[in-house]
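Engineer: this one's structure only:
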């Protein structure tokens, strides 16, 4: 969701900077557009960082002795956490 919102902010900022050809006396629309594009880039970067952090893998290896025949048994488990 945050990646989509960042792209939305970037697109709205780009429209304000390059697509609109009128000016308002009390606000600079180009500056607002550049600020929105910068905020969009920051939100996308944060979204990607949180997405990469969310997918962590856990690997567990257990070794034991089988009581029946005395052989060493190794069990490996691997899971991916989705927080």
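Structural biologist: Okay, I see it. Because the structure is predicted, anything quoted here is derived from the model rather than measured.
Engineer: ok, now which ones touch the most centrally placed residue in the chain?
Structural biologist: A centroid search over the chain (CA atoms, centre = their mean) returns residue 48, at 2.1 Å, as the residue closest to the centre. By CB atoms under 8 Å, 6 or more residues apart in numbering, the contact list for residue 48 reads residue 3. Every residue, glycine included, has its C-beta placed from N, CA and C.
Engineer: tell me if it really is in a helix.
Structural biologist: Yes. Looking at residue 48 with DSSP: H, G, I helix; E, B strand; the rest coil, it is inside a helix.
Engineer: tell me if residue 75 really is in a helix.
Structural biologist: No. Residue 75 is assigned strand when assessed by three-state DSSP, not a helix.
Engineer: so what pairs up with it in the strands?
Structural biologist: residue 62 (DSSP bridges).
Engineer: mind listing the strands for this protein?
Structural biologist: For the chain, applying DSSP state E gives strands covering 55-65, 72-82.
Engineer: any chance of those strands in a markdown table, plus distance to residue 12?
Structural biologist: Converted to a markdown table, the strands of the chain look like this (distance: least, CB to CB, whole Å):
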| stretch | distance to residue 12 |
| --- | --- |
| strand 55-65 | 30 |
| strand 72-82 | 31 |
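Engineer: switch those over to CSV; also include distance to residue 19 and mean neighbour count.
Structural biologist: Formatted as CSV, the strands of the chain follow (distance: least, CB to CB, whole Å; neighbours: other CB atoms under 10 Å):
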stretch, distance to residue 19, mean neighbour count
strand 55-65, 37, 9
strand 72-82, 39, 9
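Engineer: and the ones you listed: which comes nearest residue 39?
Structural biologist: Minimum separation from residue 39 across the strands of the chain (CB to CB) falls at strand 55-65, 25.4 Å.
Engineer: gap between residue 66 and residue 77?
Structural biologist: Look at residue 66 and residue 77: by CB to CB, to the nearest Å, they are 18 Å apart.
Engineer: go on, residue 15?
Structural biologist: In this view, residue 15 and residue 77 are 50 Å apart by CB to CB.
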